[in-house]
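below are the sequence and a predicted model for it; my questions follow.
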Amino acid sequence: MQRLILYFAALIISLLSGCSGGKETAGDKVSTTLTQTGGSTSYSLSADENRIGNISFTSSEAWRSYVSYSGPPGWLSVEPYAGQEAGTYTLSVTVARNDSADSRTATLIIKCGNASDLLFTINQDGAEPEMPEEPDDPSKTTVVTSLKLGTGMANPLLDFQFCADPTAIEYDGRLYVYGTNDHQQYEEAQSNTYERIKSLVIMSTDDMVNWTYHGLIPVGEIAPWIIASWAPSVISVPQSDGGTLFSLYFSNSGWGTGVLQSKSPVGPWTSPLNTSLIDGNNETVKGSGAIFDPGAVVDDNGDAWVAFGSGQGWIAKLNPDLTSIEGKPVKLPSFYHFEANELNFINGTYVYTYNNDWSDHSPWSWGGTKPTMCSMNYFTSKTPLVTDSWTYGANYFKNPGENNMGYTNNHTHLHKYKGKWYLFYQTNLMQSCLGSDGGFRSIYVDEIEVDEQNVVIHECIPTKKGISAIKKLDPYAKQSAATSAATLGIIFKATDKPGHMTAARGTPCITANKPKTGIIEVRDVSFTSGGQTLSCRLKGKGRIAFRLDKQDASDFASFSGTGDDWTDQEVSCTLEDGTHTLYIVISGNMELDTWQFIL
């Protein structure tokens, strides 16, 4: 009986003691998977970081959490904040962005009966002070707008850069587009008379809506012998070492056709010649007009060809080195010929296109329907060096002005990509967005119907809307900050790596002041729901914010300045499944290199 009384006495003492610490350590009652020092764990966060990760511990009975603040309260939250029974718990601790310049501290306390408390100290830095704004220049009065930002419009391809005379090449699943850098003339002169243009523009895509800006090819530096550089045409040829040779032909003003070469679609580029491939001194073409606006193609046999000319079109076969011509150039059909020569090879047939002149094209006796002024014609042949073998097809693209898209000179590029045919062309519609009426052009694209079996090109009607994305953008792959569907108040800066640009606040307009913020819009971004980490490579002082679907939406993630050196920063965020438009807002002198979400 005495032993039974002693047993019940011990049981009662045990029940009454609960979570009492006594001489036991806190580890006997509550344990944590986090490293502790003197009973506390410390975290240091930047002003933009919003999550410290998970805290796990084991409790022998009910527990509750409390937060003690050293300054303004309410900026730290804990989920769950309490538990009603014993077990292992994982807490999610989130922190609001600190917009104040002052740092702040909070202590998270977990209590269980009389056990030793678990203490976690969270220190958050204050925000970087706002960069003082540069004073506006009162002489700069243009209010810059975008034809694309927030509108759903996909044209023009770039809304920050005047460029024209498109050409394209596919490489490694991406489509690279090149054009005349009208922006160089815009920055140096009031009207687009072309003579100051000595560079070419590069951009690429794999979805036809988000375009990565690869910057400029500085043709005048690479080939200092040139007069100017316009109207590129690019081809690629596989090499015996497994690489690819890109050969880019361009107008050396109206005097000749030059060539650059590279082992990459974005460079670096070299000038294999110290003169034009062909120019007005060539005995065959001398006196026939400008020897410019080249169009190049590689046929199914691997043979390369180039067309060129103004007033009279010419074609020549290129030697395997792609920097010299085999034999003499041969005349092409050139009824009312003006410029914009191009070659395609479709179903065993050579297709020659050019821009006709501004006349009414009377009389017309070459079959089909008489083309409208300054429109695009095409001809077909199986034997390209036999002039009389070429057959007139049709007028496949009228001057954009005929479709209320503004009259301008005409230059197109026909290209098949991912099973669809596209027509790249140019308009001057964007120039008013940058306060100009000097004839500066931008590249547009629309789908076009091509009957490959019969080699018939149907008329393409230009649109302001453009085309829809052919695939979703993957935010879980590293993305360049120079990839956008639209921008406003953004400039892009070249790096030491060819074709790689970074983004910063600024203006491409010579008559506008720098805006307070810059915005990058990225479309058709496919997110997976749940907690994830956003990683950015950035530098500078200021702030970079990320928003979904609306330019003025609340930030779901943001970063503050880091100084003059490039750093990689991460913040945690929670997103929902679905396809979204992503807005990146840059302020101060921050510069963004890349971004990537990590699950």
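Arrived safely, thanks for sending.

quick check: which ranges of the stretch 451-599 of the chain have low pLDDT?
Along the stretch 451-599 of the chain, no part satisfies pLDDT under 70.

can you point me to the longest strand in the chain?
Criterion DSSP state E: the longest strand present in the chain is strand 563-575.

other SSEs contacting that one?
Using 3 or more CB pairs under 8 Å, 6 or more residues apart in numbering; DSSP states H and E, the elements in contact with strand 563-575 are strand 51-59, strand 530-540, strand 557-560, strand 591-598. All C-beta spots, glycine's among them, are computed from the backbone N, C-alpha and C.

which other helices and strands contact the third one?
Going back to what we said before, that points to strand 557-560. strand 530-540, strand 542-548, strand 563-575.

just give me the residue closest to the centre of this protein.
Central residue of the chain (CA atoms, centre = their mean): Thr483, 1.3 Å from the mean position.

what sits against the residue lying closest to it once chain neighbours are set aside?
With CB to CB, 6 or more residues apart in numbering as the criterion, Thr483 has its nearest non-adjacent residue at 4.4 Å, and that residue is Thr212. For Thr212, the contact set (CB atoms under 8 Å, 6 or more residues apart in numbering) comprises 203-205, 480, 482-483.

out of those, flag the one nearest to Phe559.
Closest to Phe559 out of the contacts of Thr212 is Ser480 (16.7 Å), distances taken as CB to CB.

circling back: generate JSON lines for the helices and strands packed on strand 563-575, with mean neighbour count and distance to Thr244 as supplementary columns.
Below are the helices and strands packed on strand 563-575 laid out as JSON lines (neighbours: other CB atoms under 10 Å; distance: least, CB to CB, whole Å):
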{"stretch": "strand 51-59", "mean neighbour count": "17", "distance to Thr244": "45"}
{"stretch": "strand 530-540", "mean neighbour count": "18", "distance to Thr244": "28"}
{"stretch": "strand 557-560", "mean neighbour count": "24", "distance to Thr244": "37"}
{"stretch": "strand 591-598", "mean neighbour count": "20", "distance to Thr244": "25"}
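
now those in JSON lines, with distance to Thr507?
Formatted as JSON lines, these follow (distance: least, CB to CB, whole Å):
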{"stretch": "strand 51-59", "distance to Thr507": "35"}
{"stretch": "strand 530-540", "distance to Thr507": "17"}
{"stretch": "strand 557-560", "distance to Thr507": "22"}
{"stretch": "strand 591-598", "distance to Thr507": "15"}
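
strands paired with whichever strand or helix holds Leu343, and their directions?
Element membership for Leu343, per DSSP states H and E: strand 337-346. Here strand 337-346 is paired, per DSSP bridges, with strand 349-356 (antiparallel).

what's the first helix or strand after the partner strand?
Next along from strand 349-356, by DSSP H and E: strand 376-381.

parallel or antiparallel, list what pairs with that next one.
strand 349-356 (antiparallel), strand 391-397 (antiparallel).

any chance of TSV for those strands, columns mean neighbour count?
As requested, the strands paired with strand 376-381 are exported to TSV (neighbours: other CB atoms under 10 Å):
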stretch	mean neighbour count
strand 349-356	23
strand 391-397	20
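
closest to Glu49 out of those strands?
strand 391-397 (52.7 Å).

can you count the residues close to the nearest residue to Pro166 once chain neighbours are set aside?
Nearest residue to Pro166 in three dimensions, chain neighbours excluded: Phe424, at 3.8 Å (CB to CB, 6+ apart). Residues within reach of Phe424, counting by other CB atoms under 10 Å, total 22.

looking at the helices and strands packed on strand 557-560, which is nearest to Ala96?
Using CB to CB, the helices and strands packed on strand 557-560 put strand 563-575 closest to Ala96, at 12.3 Å.

show me what counts as buried in the closest one.
569, 571-573, 575 (16 or more other CB atoms under 10 Å).

and it, how far out from the chain's middle?
19 Å (CA atoms, centre = their mean, to the nearest Å).

of the strands paired with strand 376-381, which is nearest Leu248?
Per CB to CB, nearest to Leu248 of the strands paired with strand 376-381: strand 349-356, 18.8 Å.

quick one: mean pLDDT over that closest one.
Averaged over strand 349-356, pLDDT sits at 98.

cool, stretch 397-412 as well?
Regarding stretch 397-412, the rounded mean pLDDT is 97.

hang on, the earlier thing: let's have the strands paired with strand 376-381 in TSV, adding distance to Gln596.
Output for those, formatted as TSV (distance: least, CB to CB, whole Å):
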stretch	distance to Gln596
strand 349-356	41
strand 391-397	40
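
quick one, which of those is nearest to Val234?
strand 349-356 (16.0 Å).

still on that earlier bit, got the buried residues for the helix or strand just after the longest strand of the chain?
For strand 563-575, the following helix or strand on the C-terminal side (DSSP H and E) is strand 578-588. Neighbour counts over strand 578-588 (16+ other CB under 10 Å) mark 580-588 as buried.

one more: stretch 417-431?
Buried, per 16+ other CB under 10 Å, within stretch 417-431: 417, 421-431.

what do you get for stretch 304-311?
304-310.

JSON lines for these, including pLDDT, distance to Ala101 and secondary structure?
JSON lines is the format used below for the buried residues of stretch 304-311 (pLDDT from 0 to 100; distance: CB to CB, whole Å; DSSP: H, G, I helix; E, B strand; the rest coil):
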{"residue": "Ala304", "pLDDT": "98", "distance to Ala101": "62", "secondary structure": "strand"}
{"residue": "Trp305", "pLDDT": "98", "distance to Ala101": "65", "secondary structure": "strand"}
{"residue": "Val306", "pLDDT": "98", "distance to Ala101": "62", "secondary structure": "strand"}
{"residue": "Ala307", "pLDDT": "98", "distance to Ala101": "64", "secondary structure": "strand"}
{"residue": "Phe308", "pLDDT": "98", "distance to Ala101": "62", "secondary structure": "strand"}
{"residue": "Gly309", "pLDDT": "98", "distance to Ala101": "65", "secondary structure": "coil"}
{"residue": "Ser310", "pLDDT": "98", "distance to Ala101": "63", "secondary structure": "coil"}
